[in-house]
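Peer 1: what follows is a protein structure lacking sequence information:
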């Protein structure tokens, strides 16, 4: 892998973001609105729900974690879509870039895009709602890392579709996370789901991540088996995502979609 | 004369349609080879296979003695491509685009290279402007700068002067002529501008319906078909082919 080429692709997106104030504002705007909205809902539930009684910020913390996942995945997809929209796709694939370098560059760039959006939103939670996500302690790092890996994995699935089917796959890019949200048990325990869906949900790392967040905040208990399960599932999905991306690239070379993908 | 590019029995099938059918040709060092043919005849498909963007159904492309299918990344370092159908990111400045592609191609002294290309292609006055704000003539020169950023030994030019005014078109043609001679490049030029092809190309391939229907020097083809210019040869060959079909 060449660090030079990875930096090159990173710079392509860095230059794009830094030169456009509307783009920066757009990155910050949605997470901030989302967090403020969930902050007020959280406040309401804290006051009126037995389950959340005396547990300040469970919903808000989960909302922040979910938004981190959402932004990671969307950021990854956006980087790919930007190339299609700007009709730069062919230029990128005739440059001597390995698939592994493209993935690495997009993973790094997506993290920066995500943080630009989320850090200001996290910072306002403390003065506005008296809540700090840092209450989760050291496991917070593992939860964020796990969510980021899953977000990137979803990004890889969607980008594989874009690579293979072109812009027609764009709508899936936007809706992919909404499909998983109900099964991810973000705001409620898994027991709420019907039996069949519980079994499906256990196959997703999200359930373990959000169960763990609630376990720490509600019961003040750190259950590392949840974190372990999440990482294990993430490793499997990431492997499938990377393999699918390589396969889609090979199929795109066979079918010719790398030539006319912007059209 | 050293053969830089060897194309052997190259074919591409999309489902049941044969886009390119067993074509073979070579490009020598310091040669500009013209690729002529009507829209949809297989020119872009051929170039895409030569660039490793498209996997051939049969045959192979050998560049500097190496098969593109097995050595795609290392050979891409030595090649580049421009086409009016692909663009550089519009929101990036000209300089930023050249920095990005300099990095992607592993250019060692990017600033020096950008300075050199800016002077040669007269980019200085708009080097810090957004690429999307440029005129088509300026964009064309920027695309050419991007295509030369890695000092390629093989250049693929797909209609490099399409939609340019005569002055800019002439500037680009003169530049291609000069740089190919100085750097001993091998160039494949796909164009619908017959005067351009006659001026720049030593040899010409005439393509139709995925096959090479004739080849030779522009003068030999004109003589062989008893016509006054290359455009008349083009029309004759394509009409004949159409009638045969």
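Peer 2: Ah, there it is. Given the structure is predicted, the values throughout are model-derived calculations rather than measurements.

Peer 1: what sits against residue B:195?
Peer 2: Contacts here follow C-beta atoms under 8 Å, 6 or more residues apart in numbering or on different chains; on that basis residue B:195 touches residue B:230. Bear in mind the C-beta positions are built from the backbone N, C-alpha and C, glycine included.

Peer 1: look up how far chain A lies from it.
Peer 2: 28 Å (C-beta to the nearest C-beta, to the nearest Å).

Peer 1: what's the next secondary structure element after the host helix or strand of that residue?
Peer 2: Here residue B:195 sits within helix B:194-200, counting by DSSP states H and E. For helix B:194-200, the succeeding helix or strand toward the C-terminus, using DSSP H and E, is strand B:203-208.

Peer 1: packing partners of that next one?
Peer 2: Counting contacts by 3 or more C-beta pairs under 8 Å, 6 or more residues apart in numbering or on different chains; DSSP states H and E, strand B:203-208 packs against strand B:32-36, strand B:211-216, helix B:218-224, helix B:230-244.

Peer 1: rerun at 10 Å
Peer 2: Judged by 3 or more C-beta pairs under 10 Å, 6 or more residues apart in numbering or on different chains; DSSP states H and E, strand B:203-208 is in contact with strand B:17-28, strand B:32-36, helix B:43-50, strand B:186-190, helix B:194-200, strand B:211-216, helix B:218-224, helix B:230-244.

Peer 1: so which of these gets nearest residue A:222?
Peer 2: Closest approach to residue A:222 among those (C-beta to C-beta): helix B:43-50, 54.3 Å.

Peer 1: now the helix or strand residue A:211 falls within: mean pLDDT?
Peer 2: Using DSSP H and E, the secondary-structure element containing residue A:211 is helix A:205-219. Across helix A:205-219, pLDDT averages out at 88.

Peer 1: how close does residue A:43 sit to residue B:143?
Peer 2: Here the criterion is C-beta to C-beta, to the nearest Å. By it, residue A:43 lies 55 Å from residue B:143.

Peer 1: the two - which one has more neighbours?
Peer 2: Neighbours were tallied for residue A:43 and for residue B:143 using other C-beta atoms under 10 Å in any protein chain shown; the higher tally belongs to residue B:143 (25 against 18).

Peer 1: what residues are up against that one?
Peer 2: Residues counted as contacts of residue B:143 (C-beta atoms under 10 Å, 6 or more residues apart in numbering or on different chains) are A:91, B:80-84, B:86-88, B:97, B:121, B:131, B:157, B:160, B:172.

Peer 1: rewinding a little: in terms of secondary structure, what does the helix holding residue A:211 contact?
Peer 2: helix A:58-85, helix A:139-165, helix A:195-201, helix A:224-255.

Peer 1: out of those, which is closest to chain B?
Peer 2: helix A:224-255 (4.6 Å; C-beta to the nearest C-beta).

Peer 1: quick check: angle from the closest one to helix B:43-50?
Peer 2: Here the directions of helix A:224-255 and helix B:43-50 differ by 130 degrees (axes from the mean of the first three to the mean of the last three C-alpha atoms, to 10 degrees).

Peer 1: what is helix A:224-255 packed up against?
Peer 2: By contact count (3+ C-beta pairs under 10 Å, 6+ apart), the secondary structure elements abutting helix A:224-255 are helix A:89-94, helix A:99-129, helix A:139-165, helix A:205-219, strand B:3-14.

Peer 1: how about CSV for the ones you listed, with distance to residue A:2 added?
Peer 2: As requested, the helices and strands packed on helix A:224-255 are arranged in CSV below (distance: least, C-beta to C-beta, whole Å):
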stretch, distance to residue A:2
helix A:89-94, 15
helix A:99-129, 6
helix A:139-165, 21
helix A:205-219, 31
strand B:3-14, 25
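
Peer 1: of those, which is nearest residue B:180?
Peer 2: Using C-beta to C-beta as the measure, strand B:3-14 is the one of those that comes nearest residue B:180, at 11.8 Å.

Peer 1: rewinding a little: got a markdown table for the helices and strands packed on helix A:205-219, with mean pLDDT too?
Peer 2: Rendered in a markdown table, the data for those read as follows (pLDDT from 0 to 100):
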| stretch | mean pLDDT |
| --- | --- |
| helix A:58-85 | 85 |
| helix A:139-165 | 90 |
| helix A:195-201 | 92 |
| helix A:224-255 | 94 |
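
Peer 1: okay if I get those as JSON lines plus mean neighbour count and distance to residue B:107?
Peer 2: JSON lines is the format used below for these (neighbours: other C-beta atoms under 10 Å in any protein chain shown; distance: least, C-beta to C-beta, whole Å):
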{"stretch": "helix A:58-85", "mean neighbour count": "23", "distance to residue B:107": "21"}
{"stretch": "helix A:139-165", "mean neighbour count": "22", "distance to residue B:107": "27"}
{"stretch": "helix A:195-201", "mean neighbour count": "12", "distance to residue B:107": "50"}
{"stretch": "helix A:224-255", "mean neighbour count": "17", "distance to residue B:107": "25"}
